[in-house]
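J.: Give me a 3D structure for the following:
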Amino acid sequence: MKKTLAVVLTMGLALAFVGCGKETPAQTTETAAEAVSDAATEAESVAEEVAEEVAEDVKAEGVMTYAEYAAAELDSEVVVETYVQNKQSWWEDKATFYTQDQDGAYFIYEMACSEEDYNKLTPGTKIKVTGTKSEWSGEVEIVDATFEIEEGNFIAEAVDVTDLLGKDELIDKQNQLVSFTDMTVESVAFKNETPGDDIYLTLSKDGNNYDFCLEYYLNGSDEEFYNLVSGLEAGQTVDVEGFLYWYEGANPHITKVTVK
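T.: As a prediction, this is how the structure comes out:
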């Protein structure tokens with residue numbers, strides 16, 4: 001459908017561009033051919049952009065938009081098409097993922113998944129997920145899920161939500177890849193009070209403290225990153241990226257830290 005739409009729009013726009021040209025007796029066949037070629041190239045580019053937008057807006061039958069998912073009742077069945085952004089863990093044929101589409105994000109907890117399929121689900125992979133919408137300590141997630149791999153690829157860019165800290169609107173970005181700029185390090189603590197597990201990071205902005213977490217299952221095996229976070233000192237200024245996880249309030253799972 002997408003390819004057909006692009007071809008039709010390309011042909012129509014190419015003819016329109018050529019028709020707008022003013023012919024003169026001196027115009028050569030070669031010049032006319034170049035004009036047609038240029039018009040066709042530009043038309044094809046426009047057509048592809050339109051086709052991409054149309055494709056993004058169209059959902060398969062029975063698949064929810066993000067708005068429909070957000071409005072769905074807890075404990076109800078949901079069906080979404082989304083894209084893997086990162087993988088937290090796999091254990092005994094169950095896997096946990098951070099996923100997102102162009103409109104919102106979905107945290108998928110312990111989805112049925114073989115180890116072979118888990119290895120296939122690289123960042124950007126499109127999947128159709130069927131499961132139950134649930135909530136745990138404020139975190140809205142999809143549980144008891146199954147999935148199908150589909151054609152498509154999408155990697156989200158981090159959205160700066162620094163200005164939303166402390167505001168009710170922040171929860172609207174739940175589970176998305178977000179960033180926070182010019183934060184001040186207040187404290188660094190380890191789960192169970194010893195390195196080798198989650199790191200609890202307290203950062204402040206404009207005199208208010210906020211909780212962040214290096215989730216060990218997500219990226220604790222990245223020794224360089226783990227050492228960077230564990231070595232942060234009070235008073236340093238940092239930019240942070242991560243997935244806006246929710247645990248009794250915003251508790252981003254950090255994936256990147258830049259010391260300034």
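J.: Break down the stretch 101-250 of the chain into its helices, ranges please.
T.: Under the criterion DSSP state H, counting those that start in this stretch, the stretch 101-250 of the chain carries helices at the ranges 115-120, 216-219, 223-230.
J.: pLDDT score for Val8?
T.: Val8 is assigned 44 on the pLDDT scale.
J.: Of the helices of the stretch 101-250 of the chain, flag the one that's most buried.
T.: Per residue and on average, the most neighbours among the helices of the stretch 101-250 of the chain fall to helix 216-219, with a mean of 18 (mean count of other CB atoms under 10 Å). To be clear about C-beta, it is placed using only N, CA and C from the backbone, and glycine gets the same treatment.
J.: What mean pLDDT does that helix get?
T.: Mean pLDDT, helix 216-219: 96.
J.: Ok, stretch 141-151 next?
T.: Across stretch 141-151, pLDDT averages out at 98.
J.: My guess is Phe154 contacts Tyr83. True?
T.: Yes - the pair Phe154 / Tyr83 is scored as a contact, 4.2 Å apart, by CB atoms under 8 Å.
J.: overlap in contacts of those two?
T.: The contact sets of Phe154 and Tyr83 overlap at Gln100, Asp101, Gly124, Lys126 (CB atoms under 8 Å, 6 or more residues apart in numbering).
J.: Counting neighbours, what do you get for Phe107?
T.: Close neighbours of Phe107, defined as other CB atoms under 10 Å, add up to 24.
J.: How much space separates it from Gln100?
T.: Distance, Phe107 to Gln100, using CB to CB, to the nearest Å: 10 Å.
J.: wait, isn't Thr122 in contact with Val84?
T.: Yes - with contact defined as CB under 8 Å, Thr122 reaches Val84; the gap is 6.9 Å.
J.: Looking only at neighbour counts, state which of these two leads.
T.: Neighbours per residue (other CB under 10 Å) separate Thr122 from Val84, with Val84 holding more: 23 against 9.
J.: And that one, how far from Ala156?
T.: 11 Å.
J.: what do you get for Ala105?
T.: Counting by CB to CB - Ala105 and Ala156 are separated by 8 Å.
J.: ok, Phe154 and Tyr83, which is more surrounded?
T.: Between Phe154 and Tyr83, Tyr83 has the larger neighbour count (other CB under 10 Å), namely 23 against 17.
J.: just the strands in the stretch 151-260 of the chain please.
T.: Remark: strands assigned in the stretch 151-260 of the chain by DSSP state E, counting those that start in this stretch are 159-160, 177-190, 199-205, 208-214, 237-243, 253-259.
J.: Tell me the one of the shared contacts of Phe154 and Tyr83 nearest Ser137?
T.: The closest of the shared contacts of Phe154 and Tyr83 to Ser137 turns out to be Gln100 (CB to CB; 21.1 Å).
J.: Hmm, Gln176 and that closest one touching each other?
T.: Yes - in this structure, Gln100 is within contact of Gln176 by CB under 8 Å, at 6.0 Å.
J.: Spell out which residues are contacts of both of the two.
T.: Contact criterion CB under 8 Å, 6+ apart; residues shared by Gln100 and Gln176: Ala156.
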